[in-house]
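J.: coords below, sequence missing:
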């Protein structure tokens, strides 16, 4: 089920909220938690019920191993660690099968000349997110930082529908205390108002802005050759991706807040970043946190000297690229960002910081150019767009006329993204006044007018 549907906004979301708080009101606390768990499973299975056994099997597997690897299990660390490794390997094998099996077979066919038949697997929704969430739980359980002995509680942690499909990536320790806090089981108007307000902002960002930029990006990546068209395509995708994913995150955080559950922030004006390191502190923040805590630091972090630290950065970024998708362009995109981190670190040692406007310009241009590899369907398509951006394929003034609408939209939203407060800041300063009510209602009504377009969240593919 998608957030940007009438069924979700006017039926599923309000009904699940009402049932949850009514059950809590009559002190049926377990029934309330169970109702939200079952609703979340329905939310997941609404897209394709055939994948319900997959997520249920994943939950059962990780719940069982989570019990075994905890220090309270009574097993010494020497016996618990192999179990942790086996559990993580099981999760990665499941993810690898669905996400990389066809990529591996296609690559093997290219390298050997033998045509291996691909499996044509349909990627289950949210598999990357619920897999990483559970890997984090296993590691935390092994360290004694998390413990869940209630199966329904664990299922709710994994499947809570606002975050299930595309994150944010959660930690057990930051979520389950919120579900168990008695005060959170009581309806709270301030949280509900702020949650609906944030949801309306996210909905507008997704269906009005992201989907409008999507039309220009899709057409440009398919056909753009000359410099104006190529820049329009790359910038349109840069803004499409941001408004799409941050819009989903706003809706997820807003939907959860109505339940008095606070999800972690996932975006903090990433296109205002003054360095590539700063960008990854602001973009998909929960993924960056996961890669730092469960990949970069276990590799040694910065504790073993400069050379090893730089190697760890590149390896971490490469693995992040593979997480996003099965393709050499994804891997190359993250390697570029890893190399960008290395250059940033080495430049910082010179003690000659760039002026802020120049630092922003260099960072944004690097991000915009590297998104081309993230979006491109092939090396040839990426090369065509980059050559066009460099002016190597000429200029067509006719593009100014045909591309006038997206060019005007880009010109409008560059200063908005750079100068205005982001949705998280707006939510922090939110006050339930008639003005904010009118603003939220206007965003909602305007967004509903765009529901006739075919729309899918980009990060559902990752």
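T.: It's in. In this text, all values refer to a predicted model and were calculated from it rather than measured experimentally.
J.: buried set for the lowest-mean-pLDDT helix or strand in the chain?
T.: Here the helix or strand of the chain ranked lowest by mean pLDDT, DSSP states H and E is helix 398-402, holding a mean of 73. Across helix 398-402, burial judged by 16 or more other C-beta atoms under 10 Å covers residue 399. Placement of C-beta: from N, CA and C, glycine included.
J.: show me which residues of the helix or strand just after that helix are buried.
T.: The helix or strand immediately downstream of helix 398-402 is helix 404-419, counting by DSSP states H and E. Within helix 404-419, the residues scored as buried using 16+ other C-beta under 10 Å are 406-407, 409-410, 413, 417.
J.: also stretch 140-154?
T.: Using 16+ other C-beta under 10 Å as the test for burial, stretch 140-154 gives 140-142, 146-148, 153-154.
J.: need phi/psi at residue 42.
T.: Backbone geometry at residue 42, expressed as degrees, to the nearest 10, gives phi -60, psi -40.
J.: and it, how far is that from residue 155?
T.: Computed with C-beta to C-beta, to the nearest Å, the distance linking residue 42 and residue 155 is 13 Å.
J.: give the contact list for residue 313.
T.: Residue 313 sits next to 296, 338, 341-342, 345 when contact means C-beta atoms under 8 Å, 6 or more residues apart in numbering.
J.: what of residue 7?
T.: Residues in contact with residue 7 (C-beta under 8 Å, 6+ apart) are residue 1.
J.: okay, now residue 250: neighbour count?
T.: 29 (other C-beta atoms under 10 Å).
J.: excluding residues flanking it in the chain, which one is nearest it?
T.: For residue 250, ignoring the flanking residues on the chain, the nearest one in space by C-beta to C-beta, 6 or more residues apart in numbering is residue 202 at 2.8 Å.
J.: check residue 400 too.
T.: For residue 400, the nearest residue in space outside its immediate sequence neighbours is residue 228; the separation is 6.3 Å by C-beta to C-beta, 6+ apart.
J.: which elements pack onto the longest helix seen in the chain?
T.: Taking DSSP state H as the assignment, the helix of the chain that covers the most residues is helix 77-112. The contact analysis (3 or more C-beta pairs under 8 Å, 6 or more residues apart in numbering; DSSP states H and E) places helix 77-112 against helix 52-69, helix 127-142.
J.: which intervals of the stretch 151-300 of the chain have sub-threshold pLDDT?
T.: Judged by pLDDT under 70, the stretch 151-300 of the chain has its weakly predicted residues at 167.
J.: quick one, helices of it?
T.: In the stretch 151-300 of the chain, the segments counted as helices under DSSP state H, counting those that start in this stretch are 151-159, 161-164, 172-180, 189-204, 211-223, 227-258, 276-282, 285-291.
J.: of these, which is nearest residue 365?
T.: When the helices of the stretch 151-300 of the chain are compared for distance to residue 365 using C-beta to C-beta, the nearest one is helix 227-258, at 10.0 Å.
J.: give me the buried positions along the closest one.
T.: By neighbour count, with 16+ other C-beta under 10 Å as the criterion, the buried positions of helix 227-258 are 227-258.
J.: quick one, that helix and helix 404-419 angle?
T.: What separates the directions of helix 227-258 and helix 404-419 is an angle of 50 degrees, with axes from the mean of the first three to the mean of the last three C-alpha atoms, to 10 degrees.
J.: how far off helix 211-223 does helix 227-258 point, in degrees?
T.: Here helix 227-258 runs at an angle of 140 degrees relative to helix 211-223 (the same axes, to 10 degrees).
J.: run the chain-centre distance for helix 227-258.
T.: Here helix 227-258 shows a centroid-to-chain-centroid distance of 11 Å under the convention C-alpha atoms, centre = their mean, to the nearest Å.
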